[in-house]
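In: What shape does this take:
(one chain, ligands or ions: 1)
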Amino acid sequence: MKKTTREKALLILNDVFYKGAFLEEQLEILKQSKLDNRDYTFIREITTGVVRNRTYLDYVIKTNSKIKFNKIHKIILTILEMAIYQMFFLDRVPNYSIVSESVELAKIYGNRGSVGFVNGILRAISKNNEMPQVKIKDSIDNLSTYYSHPKFYTDFFYNNYSEDFAKKLLKANNQIPPFTIRINTIKTDRESFIKKLLEEGFSYEETPYKFALNIKNPEGIIDSLLFKEGYFYVQDLASILVSVYLNPTPNSQVLDLCAAPGGKSTHLSALMGNTGQIVACDKNKAKINIIKSNASRLGVTNIITKVNDAQVNNDNFVNKFDYCLVDAPCSAIGLYRKKPDIKWNKDIADIKQLSEIQLEILENAKNYIKTGGILLYSTCSVSKIENEDVITQFLKNNSNFVIKKIENKDTYKMFPHINNSDGFSMTMLVKNSQRLS
Ligand SMILES: C[S@@+](CC[C@H](N)C(=O)[O-])C[C@H]1O[C@@H](n2cnc3c(N)ncnc32)[C@H](O)[C@@H]1O
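Out: Just a heads-up that it's a prediction; the model follows:
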């Protein structure tokens, strides 16, 4: 029998929560399946919403369930999470229909007992006219539950920044991110691009960087001629600003050690007016082809690509470059707003492990820069462990490097609630001399 939209959403969530699937990839597969656009949008809205608000939804279940929370069968739990999300976060479906659709799903995936359970608990919860409050005494627990964030994350911002900062950040992480594009100045100029954009029926708002625009109605823009002609690249503001801060001079030699899919490399190329040379590397061979195809679409001619493991020293690179970008593999906990499943699949242990890899990469990168050259370290993580701590250790090991402040900060951090961007960290280091040891 044909699966309903809710059933499709249920199966995606089940794969994401219990089988290690990535939400974005699952949604991409669904998109390719020629599903009606309205159904696709609804499934994306429910699945993303449930992933984003999971702890809160589970709290509502816990406080209303007659069965112990950890005794609820996983798929039944997901049916409940989807139902409660629709009740309190969407307003287009009436509660009675949410309950009956959920009961239908329980009939397919559960047993007689679970059908009665789903019916009973959802009827009770649907009697609330407003979102049930979270009543947990511990403030950090309370915020983590209400805004559905890992406790270590809330704890860090609550204690190292402030309660107000933590609240605003968590709230912003649960909002839908803007669709930001970078105008490709190799192919067009700002004025002509905006004219074409408006002619094609797209509207935009400005961002603090004049070549980055937030598209208000991005549906279809990837299929547009503007895209095919390489007039723009889809890229978050924070990611765009990394290349702006590095700001390599024309004709320089640039190394991008973790370059795929090529967002920053191709931007660096535009900033250099397609002059000099950018060596764009990645460990992953398949991803190198994505850099090539992006570079070709964008009219970039000064990039050469190389499969290279940045954790291994490469003698061919030593002392060759004026600039080196290390946009390191990281926990991506700065991307909660865009990819909410990261909330649930990266913990402190992963972050610590990544910080070791990041330091290892920097320890190689330092050899590749000429004296006076610049090393820019960036991550889409807002953790201290992957940023300030890595840099502190690096500077301890390498006294011939000094920090060059960005926006008056040793490590400049961008946040969704402050910059309306992904969470990002960047540190600029200058190599003052060769090491004497
Ligand atoms: C944050 S992404 C880079 C994004 C890219 N700079 C951009 O702006 O489009 C990190 C990249 O590092 C690559 N990577 C992971 N470990 C690596 C390693 N040991 N050496 C080189 N690249 C690595 C991943 O394949 C991934 O493409």
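
In: which other helices and strands contact the top helix by length along the chain?
Out: In the chain, assigned by DSSP state H, the helix with the most residues is helix 348-368. Packing partners of helix 348-368 (3 or more CB pairs under 8 Å, 6 or more residues apart in numbering; DSSP states H and E): strand 321-327, strand 369-379, helix 388-397. Heads up, the C-betas are built off the backbone N, CA and C, glycines and all.

In: tell me which element Val430 falls in.
Out: strand 424-431 (DSSP states H and E).

In: Using CSV, list the CA coordinates for that strand.
Out: C-alpha atoms of strand 424-431 as CSV (Å, rounded to 0.1, in the frame of the first residue of the first chain):
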residue,chain,number,x,y,z
PHE,A,424,31.8,29.8,13.4
SER,A,425,35.2,30.5,14.9
MET,A,426,38.3,31.8,13.2
THR,A,427,41.8,32.7,14.3
MET,A,428,44.5,34.3,12.2
LEU,A,429,48.1,33.5,12.8
VAL,A,430,51.2,35.1,11.4
LYS,A,431,54.5,33.3,10.9
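
In: Mind listing the strands it pairs with, and their directions?
Out: If you go by DSSP bridges, strand 424-431 pairs up with strand 369-379 (antiparallel), strand 401-404 (antiparallel), strand 411-414 (antiparallel).

In: residues contacting the spatially most central residue of the chain?
Out: In the chain, the residue lying closest to the centroid (CA atoms, centre = their mean) is Leu335, at 2.8 Å. Shown in contact with Leu335 (CB atoms under 8 Å, 6 or more residues apart in numbering): 342, 380, 422-423.

In: Need phi/psi at it.
Out: Main-chain dihedrals, Leu335, degrees, to the nearest 10: phi -100, psi 20.

In: Please shift the residue numbers so they start at 98 in all later answers.
Out: Taking 98 as the first residue, the last one we looked at is Leu432.

In: now it: how far from Asp133?
Out: Leu432 is 29 Å from Asp133, where distance means CB to CB, to the nearest Å.

In: One more: Asn167?
Out: The gap separating Asn167 from Asp133 is 37 Å, by CB to CB.

In: what's the distance between the residue nearest to Ala377 when sequence neighbours are not counted and the ligand?
Out: Nearest residue to Ala377, sequence neighbours excluded (CB to CB, 6 or more residues apart in numbering): Ala356, at 3.8 Å. According to CB to the nearest ligand atom, to the nearest Å, Ala356 and the ligand sit 5 Å apart.

In: what about Ala356, neighbour count?
Out: Ala356 sits with 28 neighbouring residues when counted by other CB atoms under 10 Å.

In: same question, Asp419
Out: By other CB under 10 Å, the residues close to Asp419 number 17.

In: Mind pulling up the pLDDT for Asn442?
Out: Listed pLDDT for Asn442 reads 89.
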